[in-house]
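Novice: below are the sequence and a predicted model; questions follow.
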Amino acid sequence: MSANLTGRARRFGDNVNTDYIITSTRKRETLDETELARYLFETLDPAFAASVRAGDIIVAGRNFGCGSAMEIAATVILAAGIKAVLASSFSRTFYRNAVNNGLLPLVCETSNINEGDTLTIRSEHGAMFVRNTVSGAVTVAAPLPPVMEAILSAGGLVGFVLHSGRPVDPSTR
Amino acid sequence: MSAGGRTISEKILSAKANRDARAGDVVTCTPDLILGTDASTPMAIDYFGRMGGTSVRDASHVMFACDHYAPPTSDRTRAFHALMRAFAKQHGIMMHEVGDGISFQIATEQGRALPGHLVIGADSHTVTCGALGLFATGVGSSDLAAALVTGTVWLRVPETIRVTLTGALRPGVMAKDLALHLVGMVGADGANYQTLEFHGPGVRTLSLDDRLVVCNLGVEMDAKASIFPFDATTEEYLAPRTRERGTSVMSDDDAAFAREILIDLSAVTPRIARPHAPDNVTPLASAIGTAVQMVFIGTCTGGRISDLHAALAVLESLGGKVAPGVQLVVTPASREVAERARADGTLDGLQRAGAIITETGCGACCGTSGVIPGNGATVVSTANRNFKARMGNATASIYLASPAACAAAAATGRIVEVA
């Protein structure tokens, strides 16, 4: 799995649940992610969606994506042009949904990253490095489990299932 | 960790993967039951097509339910149901319509989820089924789609937290209080990637409905699964529902547990989760006097028959009328619950007291069908989540409590002690 991303950090705190990413009430009206992206994080910050730039990187604390397993929470983030989420931990259903759609979830120390910092994410020698170009700090992200790396490398679960042409098998990594 | 005894999770996932699997191993399993709801299946049908899906691997293991948009209130939600109906018909999948109830509640009642089973559901609260001595976990729409295509799901075998229960709950203290107590103690991510496995002499004092409540709140601690062991209570629950008994799976005495938690049930007191997080738990006593405008009794946490019985008993003990200025909304979790509550007069009693009785399903819990709180309203609910805007209005403040505490609030217009 390789990555080479540069983007602006968008800060969130701990326990951001999937309803805060996109409300169930919005999702009831449409499954069009581009439309829903207008309401991204509206409960936490009504001005956020209008301020998103393609390439932004979400940076959160513990347990990002807790609550409902609704997958649209991952795909709406992608629809906003965001390709990676850094958090000190993820809730398991969001983590799975992110990987299954090609959204990169990286577990790393995030407490020293501020809103607006420019971050680069690069894979080198099999590890993921997050560099904060403002503070100069470099953090190594925790490696993804091999099965999830394989799914991400296939662009998501659709590509993985299409590619393997058989039951999802972690030994195909 | 290759030697030694095994936990319930290790045993069930080993059986479903057909190999000896231990915590940390990644295995490909064949679920006994795959659940989809109207909130997750429409997206799954899209993934199914993109995965090149032409047929469902084993439709007899799949069940769909229309529970989040029950009834549909827009062309859009009606179209979600139509899409599911057409897919279910094409592939021979059992489809439960609006009014049948919440997916995993139906699976529990109808003997589709049995001891020893692996259940995956595209609904985070699928963990509820673990009350029957099985491994049940939530997934998203793409994993649902992959399971439809392949008949399998990959899972990392979780570590297990052993929760040992002693004693018995005191009168006026409900399973919801125990569940909130545990959420408050473990925290919102305290069981992330792990299974909560319940043990000890206190287990037998809890009814099956009680166990469903405790397992349900497991996901509010991020638990991957939440499991009660099979016992006489499980057997009694299943006997009138199915001839199938499933397989009793117990953890070995020398199984390795990640953590131990001890709870003396007799020391548990009424609890309340304050806005806007399920783990923001305090003693109910600390919230006494808070004025409420809406009370919601329902959902996969608090919409079962024992919950409705408890609510009516408390309402009647406090004058039998909903307080002026309070809206009481009651939503049975399933058709079975609604029929029983209608037959024994509970629904009539609640309605006479001033409650609005709505169609079965998820109801007002996530703002997708049913009553939405007014601006600035304080709500007390039997549900499992009180995130800001959860019920469809970001200005409402939601408290989570037991059905008894909710009914007492409905009768008095305030959060009060439960007798």
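Specialist: Now that the structure is in, tell me what you want to look at.
Novice: so where do the strands sit in chain A?
Specialist: Ranges of strands within chain A are A:4-11, A:57-60, A:84-87, A:104-107, A:118-124, A:127-132, A:138-141, based on DSSP state E.
Novice: reformat the ones you listed into CSV and put mean pLDDT next to each item.
Specialist: Below are the strands of chain A laid out as CSV (pLDDT from 0 to 100):
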stretch, mean pLDDT
strand A:4-11, 97
strand A:57-60, 98
strand A:84-87, 98
strand A:104-107, 98
strand A:118-124, 96
strand A:127-132, 96
strand A:138-141, 96
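Novice: in CSV, list the ones you listed along with distance to B:L180 and mean neighbour count.
Specialist: Yep, even glycine has a C-beta here, placed from its N, CA and C like the rest. Converted to CSV, those look like this (distance: least, C-beta to C-beta, whole Å; neighbours: other C-beta atoms under 10 Å in any protein chain shown):
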stretch, distance to B:L180, mean neighbour count
strand A:4-11, 30, 16
strand A:57-60, 25, 25
strand A:84-87, 26, 25
strand A:104-107, 29, 21
strand A:118-124, 38, 16
strand A:127-132, 37, 18
strand A:138-141, 35, 16
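Novice: nearest to B:E417, out of these?
Specialist: Of all the strands of chain A, it is strand A:57-60 that lies closest to B:E417, at 38.7 Å by C-beta to C-beta.
Novice: TSV please, covering the strands of chain A and showing distance to chain B.
Specialist: Output for the strands of chain A, formatted as TSV (distance: least, C-beta to the nearest C-beta, whole Å):
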stretch	distance to chain B
strand A:4-11	18
strand A:57-60	12
strand A:84-87	11
strand A:104-107	11
strand A:118-124	21
strand A:127-132	20
strand A:138-141	17
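Novice: reformat these as a markdown table; add distance to A:A73.
Specialist: What follows is these, written out as a markdown table (distance: least, C-beta to C-beta, whole Å):
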| stretch | distance to A:A73 |
| --- | --- |
| strand A:4-11 | 15 |
| strand A:57-60 | 11 |
| strand A:84-87 | 11 |
| strand A:104-107 | 12 |
| strand A:118-124 | 21 |
| strand A:127-132 | 22 |
| strand A:138-141 | 21 |
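Novice: of the ones you listed, which approaches B:R57 most closely?
Specialist: That would be strand A:104-107 among the strands of chain A, by C-beta to C-beta, at 28.2 Å.
Novice: so what are the sheet partners of that closest one and their directions?
Specialist: Applying DSSP bridges, strand A:104-107 is found paired with strand A:84-87 (parallel).
Novice: residues touching A:V76, list them.
Specialist: A:21-22, A:33, A:36-37, A:40 (C-beta atoms under 8 Å, 6 or more residues apart in numbering or on different chains).
Novice: measure it to A:S2 for me?
Specialist: 25 Å (C-beta to C-beta, to the nearest Å).
Novice: what do you get for A:F12?
Specialist: From A:F12 to A:S2 the distance is 26 Å (C-beta to C-beta).
Novice: these two: who's more crowded?
Specialist: A:F12 (21 against 10; other C-beta atoms under 10 Å in any protein chain shown).
Novice: pretty sure the more buried one contacts A:F48?
Specialist: No: using C-beta atoms under 8 Å, A:F12 is not in contact with A:F48, being 9.4 Å away.
Novice: and for these two, which residues touch both?
Specialist: With C-beta under 8 Å, 6+ apart, A:F12 and A:F48 have common neighbours A:F41.
Novice: give me the number of residues near the residue nearest to B:Q110 when sequence neighbours are not counted?
Specialist: Closest residue to B:Q110 apart from its sequence neighbours, by C-beta to C-beta, 6 or more residues apart in numbering or on different chains: B:R241 at 6.6 Å. Counted with other C-beta under 10 Å, the neighbours of B:R241 add up to 14.
Novice: right, and B:R241 touches B:A113 too?
Specialist: No: the pair B:R241 and B:A113 does not pass the contact test of C-beta under 8 Å, sitting 10.6 Å apart.
Novice: check contacts around residue 64.
Specialist: I went with chain A, as the question did not name one. Contact analysis of A:F64 by C-beta under 8 Å, 6+ apart lists A:12, A:16, A:58, A:85, A:87, A:89-91, A:94, A:105.
Novice: meant chain B, my bad for not saying
Specialist: Contacts for B:F64 (C-beta under 8 Å, 6+ apart) come out as B:35-38, B:41, B:84, B:88, B:93-96, B:103.
Novice: A:V130 now?
Specialist: A:86, A:106, A:108, A:119-121, A:138-141 are the contacts of A:V130 under C-beta under 8 Å, 6+ apart.
Novice: hmm, try it at 6 Å
Specialist: Contacts here follow C-beta atoms under 6 Å, 6 or more residues apart in numbering or on different chains; on that basis A:V130 touches A:108, A:119, A:121, A:139, A:141.
Novice: excluding its backbone neighbours, what's nearest it?
Specialist: A:T139 (4.6 Å).
Novice: cool, B:L165 as well?
Specialist: B:L165's closest residue in space is B:G202 (C-beta to C-beta, 6+ apart), at 2.9 Å.
Novice: hang on, that neighbour packs against B:T164?
Specialist: No: the pair formed by B:G202 and B:T164 falls short of the contact definition of C-beta atoms under 6 Å, at 7.8 Å.
Novice: show me which of those two is the more surrounded one.
Specialist: Comparing B:G202 with B:T164 by other C-beta under 10 Å, the one with more neighbours is B:G202, at 22 against 16.
Novice: which residues in the chain form helices?
Specialist: Going with chain A. A:18-21, A:24-29, A:33-36, A:48-51, A:72-79, A:92-100, A:146-153, A:157-164 (DSSP state H).
Novice: that answer is for a different chain, and I need it for chain B
Specialist: For chain B, applying DSSP H gives helices covering B:8-17, B:41-50, B:75-91, B:103-109, B:141-150, B:175-186, B:208-216, B:232-238, B:299-302, B:305-317, B:335-343, B:346-353, B:403-412.
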